[in-house]
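1. Sharing a model that was predicted from the sequence below.
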Amino acid sequence: MKPNTSTRRDSRQEEGNAGALGEPMRGAVLGGDVSRSRSPGIHLAAWKALGMEGSYERFSVDAAGFRRLVRALGAQGYRYLNVTIPHKKAAADLADRASPLVKAVAAANTLVFRRTRAGVEIRAENTDGYGLIEALGELGARPAAGDAVVLLGAGGAAAGGLAALLATGAVVRIVARRPQLAQALRRRLPVRARSRVIVAPWTAADLAAQLEGAKAVISSVPADVFAAPDATAGLEAISRKTAVLEMAYGDETPLKRFVMQRTRWYQDGLPMLVHQAARAVELVTGSLPPTAPLMRAARRPVTPSTEAAPLDHGGGDRANGVAKRGARV
């Protein structure tokens, strides 16, 4: 399975340098609860680094209102949306067009709008895998052909990461509480790639077995999963040479406290978040922003947004279950 470079090239040609010609950028992050999301600061920093300006907002929305909200934001002139838990599959499903990666993993974390004569077209992209590989590189654990990597979880975040890991030639061992979801991910892959995917149930014995000889462990599950008394059972088998990347970020997590007693190679999800955001901005603007200012923005404290501000969908129709918070540069 080879990295898909054509998507990057085609997106640059198609989008051009959007937002740099005087039209302010408009973007937003959508998720079940994005009140503490760092995306506004990161994307505003990216735009500023590229000489652009605009506004970026956070919308917490439930599954029932997600599709309608996306359509409304596109009609209102938003350039793109970043999508997080639990809407990545829904984002892939509603798009008019999708990248090969999105089609392969059935999950999207970026929706790009383009105005056409027929209306507003939605293109689905997934930059999670790009962010993951770049973050692993910063940790000194970029996978190479034949390396074993353990992936904890089989949700939307894991889907994008799986394809990127396989593109490096690594063998991916998925450990999941619902193995049927992991098997579904495996079935979507090209036949030749499936032989490098091992699926195991998340039991102490199976987890310990899959950790043997692993170069890296990647957790795609929410941080509070490891707060349960028996959640770390099996992780004692982590080698001191094994790197651990947790996609969750924020305060010190239960997983971090546990693994730092066994390995010094730990990293939270902020670098991954920054790199996937930079790639998303590149897909829209045609330019990849430098990551240093984005990382500085990501590490600043976030003021949670709690106020409800229903979005007007036009014609007097208003969304239900939407909380909104915005920022500008």
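-> All right, it came through fine. Numbering: from 1, shown residues only.
2. wait, what's in contact with residue 97?
-> With contacts defined as Cβ atoms under 8 Å, 6 or more residues apart in numbering, residue 97 is in contact with 121, 122, 123, 124. Using the backbone N, CA and C atoms, a C-beta is placed for each residue, glycine as well.
3. Return the member of these nearest to residue 57.
-> Distance to residue 57 across these (Cβ to Cβ) is lowest for residue 122, with 17.8 Å.
4. Report the contact partners of that closest one.
-> If you count contacts by Cβ under 8 Å, 6+ apart, residue 122 has them with 70, 74, 94, 95, 96, 97, 111, 112, 113.
5. buried subset of those?
-> Among the contacts of residue 122, those classed as buried by 16 or more other Cβ atoms under 10 Å are 70, 74, 94, 95, 111, 112, 113.
6. Tell me which of these fall in helices.
-> In helices, judged by DSSP state H, the following of the buried ones among the contacts of residue 122 are found: 70, 74, 94.
7. number of nearby residues for residue 187?
-> Using other Cβ atoms under 10 Å, residue 187 has 10 neighbouring residues.
8. In contact with it, which residues?
-> With contact set as Cβ under 8 Å, 6+ apart, residue 187 has these partners: residue 194.
9. any idea how far residue 247 is from the residue nearest the centre of the chain?
-> In the chain, the centroid-proximal residue (Cα atoms, centre = their mean) is residue 128; its distance is 3.9 Å. Distance, residue 128 to residue 247, using Cβ to Cβ, to the nearest Å: 8 Å.
10. Looks like residue 277 contacts residue 46 (just checking).
-> Yes. Residue 277 is within contact range of residue 46, at 6.5 Å (criterion: Cβ atoms under 8 Å).
11. you'd agree residue 204 is up against residue 233?
-> Yes. Using Cβ under 8 Å, residue 204 is in contact with residue 233, at 3.7 Å.
12. any idea whether residue 48 is helix, strand or coil?
-> With DSSP: H, G, I helix; E, B strand; the rest coil as the basis, residue 48 sits in helix.
13. ok, how many other residues are close to it?
-> Using other Cβ under 10 Å, residue 48 has 16 other residues around it.
14. now the one 10 residues further on
-> When counting by other Cβ under 10 Å, one arrives at 25 neighbours for residue 58.
15. Run the chain-centre distance for the strand or helix carrying it.
-> Assigned by DSSP states H and E, residue 58 belongs to strand 54-61. Centre-to-centre, strand 54-61 and its host chain are 16 Å apart (Cα atoms, centre = their mean, to the nearest Å).
16. Neighbouring strands - and their directions - for that strand?
-> Counting by DSSP bridges, the strands paired with strand 54-61 are strand 25-31 (parallel), strand 322-328 (antiparallel).
17. mean pLDDT lowest for which of those?
-> Of all these, strand 322-328 carries the lowest average pLDDT, namely a mean of 56.
18. my guess is residue 55 contacts residue 24, does it?
-> Yes. Contact criterion Cβ under 8 Å: residue 55 and residue 24 qualify, at 7.0 Å.
19. Pick out whichever of the two has more residues nearby.
-> Neighbour totals were compared for residue 55 and residue 24, and residue 55 leads with 17 against 14 (other Cβ under 10 Å).
20. which ones are touching the residue lying closest to residue 132 once chain neighbours are set aside?
-> Distance criterion Cβ to Cβ, 6 or more residues apart in numbering; nearest residue to residue 132, sequence neighbours excluded, is residue 161 at 4.6 Å. Contact analysis of residue 161 by Cβ under 8 Å, 6+ apart lists 128, 129, 132, 151, 218, 220, 247.
21. Tell me the buried residues in stretch 236-256?
-> For stretch 236-256, burial by neighbour count (16+ other Cβ under 10 Å) applies to 237-238, 242-249, 253-256.
22. Counting neighbours, what do you get for the residue nearest to residue 215 when sequence neighbours are not counted?
-> In this structure, residue 215 finds its nearest non-sequential neighbour in residue 147, 4.5 Å apart by Cβ to Cβ, 6+ apart. Using other Cβ under 10 Å, residue 147 has 18 other residues around it.
23. neighbour-wise, which of the contacts of residue 161 leads?
-> residue 128 (32 neighbours).
24. got a list of what it touches?
-> Contact analysis of residue 128 by Cβ under 8 Å, 6+ apart lists 107, 109, 157, 159, 160, 161, 164, 272, 276.
25. before we move on, what about residue 278?
-> Neighbouring residues of residue 278 by Cβ under 8 Å, 6+ apart: 46, 288, 289, 291, 294.
26. list the contacts for the third one?
-> This points to residue 289. 45, 46, 47, 49, 50, 278, 281, 282.
27. My assumption is that the last one lies in a helix; please confirm.
-> Yes. When the secondary structure is assigned by three-state DSSP, residue 282 falls within a helix.
28. Residue 290 is in contact with that one, correct?
-> No. Using Cβ under 8 Å, residue 282 makes no contact with residue 290, being 11.5 Å away.
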